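Visitor: would you be able to build a 3D model of this:
(one chain, ligands or ions: 1)
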Amino acid sequence: MAPDSSSAGKKTLRFTKMHGLGNDFMVIDGVTQDVHLTAAQIQRWADRNFGIGFDQLLLVEPPAEPNVDFRYRIFNADGDEVEHCGNGARCFARFVLDQGLTHKRVIRVAIQKGTLELHVHDDNTVTVDMGRPQLQPEHIPFIANEQHSVYPLLISEHEPALEISAVSMGNPHCVILVNDVDKAPVQALGPLVENHDAFPKRCNVGFLQILNRHEGRLRVFERGVGETLACGTGACAAMVAGRLRGLFDTNVTLHLLGGDLEISWSGDGSVLMTGPATKVFEGYIPWNNPTHN
Ligand SMILES: N[C@H](CCC[C@H](N)C(=O)O)C(=O)O
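Guide: Below is the predicted model:
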């Protein structure tokens, strides 16, 4: 029985903890609850010792336009709102069905820059149409050399420039090819690239090991979070980068620390991503809605 959310003026907020291959989320129903969040509140809840602990917070809201079922907003653990989250999109679809907010198995959801179409399968995996990758420099604030969206990125004058791929899935990704992800300098290089001034909005940093034309291994140092066990938009960006370099075919399995994602891209049009979405628990947290303080 849920505690009375309005007793004695003290409010409680209902949420669900979920993950997509270990990339974990606090998911909040902002359709039946009146929710206004501050960056400071998100940071407190994201703390894995003093809060709930998550990589991103997902806020589900009513649609603001026709032909869309919901809007969903994404906030990194550092409190910043961001453009897209692939693992989050799958968990969003599972959440709105579990909560009875929809009975549709094909769900259209608005994100910051566009609309996604989600297909929920009987085995509880979800296929997300992730939209077209954006390679034009205006999406990636780079001096483009145009060659397969591969750019030199100078980290230090004492070392040769990194040869990186820059792909936007709505959120910025920098993909670096490595021989062995287990030996990749994720913690040392991740923050330097994330905060490089070539990325005025910072970026997510993917370390991609090509196994064959249909398989790769990927680790991601996420913008605003650090290394996560999986990154859906990062997997899409890595597959696009590999395909643009002529190293991947149309359908690829990417092995991330938390499990596998299936990514399809013909070289034009949308990237499709398929993977699981898992509910861990439901909870309630005492809360003073900032707009009612
Ligand atoms: N850290 C990302 C947002 C979450 C992306 C990731 N969790 C995914 O599954 O796509 C960014 O700042 O753009």
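Visitor: C-alpha only now, for contacts and for neighbours.
Guide: Fine.
Visitor: pLDDT weak spots in this structure?
Guide: Where the chain drops to pLDDT under 70, the residues are 1-10, 136-149, 289-293.
Visitor: was I right about residue 106 contacting residue 119?
Guide: Yes - counting by C-alpha atoms under 8 Å, residue 119 is a contact partner of residue 106 at 4.6 Å.
Visitor: more neighbours: these two, which one.
Guide: residue 119 (19 against 16; other C-alpha atoms under 10 Å).
Visitor: mind checking what secondary structure the more buried one has?
Guide: Of the three states, residue 119 takes strand according to DSSP: H, G, I helix; E, B strand; the rest coil.
Visitor: what sits against it?
Guide: 105-107, 126-128 (C-alpha atoms under 8 Å, 6 or more residues apart in numbering).
Visitor: enumerate the residues of the stretch 51-200 of the chain near the ligand.
Guide: 82, 84-88, 171 (C-alpha under 6 Å from any ligand atom).
Visitor: mark which of those residues are part of strands, please.
Guide: residue 82 (DSSP state E).
Visitor: what about residue 243, which SS state?
Guide: Relying on three-state DSSP, one would call residue 243 helix.
Visitor: list the contacts of it.
Guide: 249-250, 267.
Visitor: returning to what we had before: just the closest of the residues of the stretch 51-200 of the chain next to the ligand to residue 60, please.
Guide: Lowest distance from residue 60 to these (C-alpha to C-alpha) belongs to residue 88, with 10.9 Å.
Visitor: pretty sure the closest one is in contact with residue 17, am I right?
Guide: No - contact between residue 88 and residue 17 fails when scored by C-alpha under 8 Å: they sit 11.4 Å apart.
Visitor: list the residues that contact both of those two?
Guide: Joint contacts of residue 88 and residue 17 (C-alpha under 8 Å, 6+ apart) are residue 25.
Visitor: more neighbours: which of the two?
Guide: residue 88 (28 against 21).
Visitor: residues touching that one, list them.
Guide: Contacts of residue 88 by C-alpha under 8 Å, 6+ apart are 19-20, 25, 58.
Visitor: against residue 57, how distant is it?
Guide: 9 Å (C-alpha to C-alpha, to the nearest Å).
Visitor: common neighbours of these two, please.
Guide: In contact with both residue 88 and residue 57: residue 25, using C-alpha under 8 Å, 6+ apart.
Visitor: follow-up on the earlier one: taking the contacts of residue 88, tell me the two that lie furthest apart.
Guide: 20 and 58 (12.6 Å).
Visitor: hang on, the earlier thing: closest one of the contacts of residue 243 to residue 37?
Guide: residue 267 (38.7 Å).
Visitor: the closest one: how many residues sit nearby?
Guide: Residue 267 has 14 nearby residues by other C-alpha under 10 Å.
Visitor: over to residue 156?
Guide: Neighbour count for residue 156, taken as other C-alpha under 10 Å: 10.
Visitor: which residues are in contact with residue 134?
Guide: 140, 167-170.
Visitor: should've said residue 229
Guide: Contacts of residue 229 by C-alpha under 8 Å, 6+ apart are 21-23, 219-220, 256-258.
Visitor: if we use 7 Å, what do you get?
Guide: By C-alpha atoms under 7 Å, 6 or more residues apart in numbering, the residues touching residue 229 are 21-23, 256-258.
Visitor: with residue 231 instead?
Guide: Residue 231 neighbours (C-alpha under 7 Å, 6+ apart): 23, 86-87, 220.
Visitor: mind saving the C-alpha coords of stretch 105-125 as PDB?
Guide: Extracted C-alpha coordinates of stretch 105-125, given in PDB (Å, rounded to 0.1, in the frame of the first residue of the first chain):
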ATOM      1  CA  ARG A 105       3.400  -2.300 -27.900                       C
ATOM      2  CA  VAL A 106       4.600   0.200 -30.500                       C
ATOM      3  CA  ILE A 107       5.100   3.500 -28.600                       C
ATOM      4  CA  ARG A 108       6.100   6.900 -29.900                       C
ATOM      5  CA  VAL A 109       8.000   9.100 -27.500                       C
ATOM      6  CA  ALA A 110       9.300  12.700 -27.900                       C
ATOM      7  CA  ILE A 111      12.800  13.400 -26.600                       C
ATOM      8  CA  GLN A 112      14.700  16.600 -26.600                       C
ATOM      9  CA  LYS A 113      15.400  16.600 -30.400                       C
ATOM     10  CA  GLY A 114      12.900  14.400 -32.100                       C
ATOM     11  CA  THR A 115      10.700  11.400 -31.700                       C
ATOM     12  CA  LEU A 116      11.600   7.700 -31.200                       C
ATOM     13  CA  GLU A 117       9.500   4.700 -32.100                       C
ATOM     14  CA  LEU A 118       9.800   1.800 -29.700                       C
ATOM     15  CA  HIS A 119       8.700  -1.800 -30.400                       C
ATOM     16  CA  VAL A 120       8.200  -4.000 -27.300                       C
ATOM     17  CA  HIS A 121       8.600  -7.700 -28.100                       C
ATOM     18  CA  ASP A 122       7.100 -10.700 -26.300                       C
ATOM     19  CA  ASP A 123      10.500 -11.700 -24.900                       C
ATOM     20  CA  ASN A 124      10.600  -8.200 -23.200                       C
ATOM     21  CA  THR A 125      13.400  -7.000 -25.400                       C
END
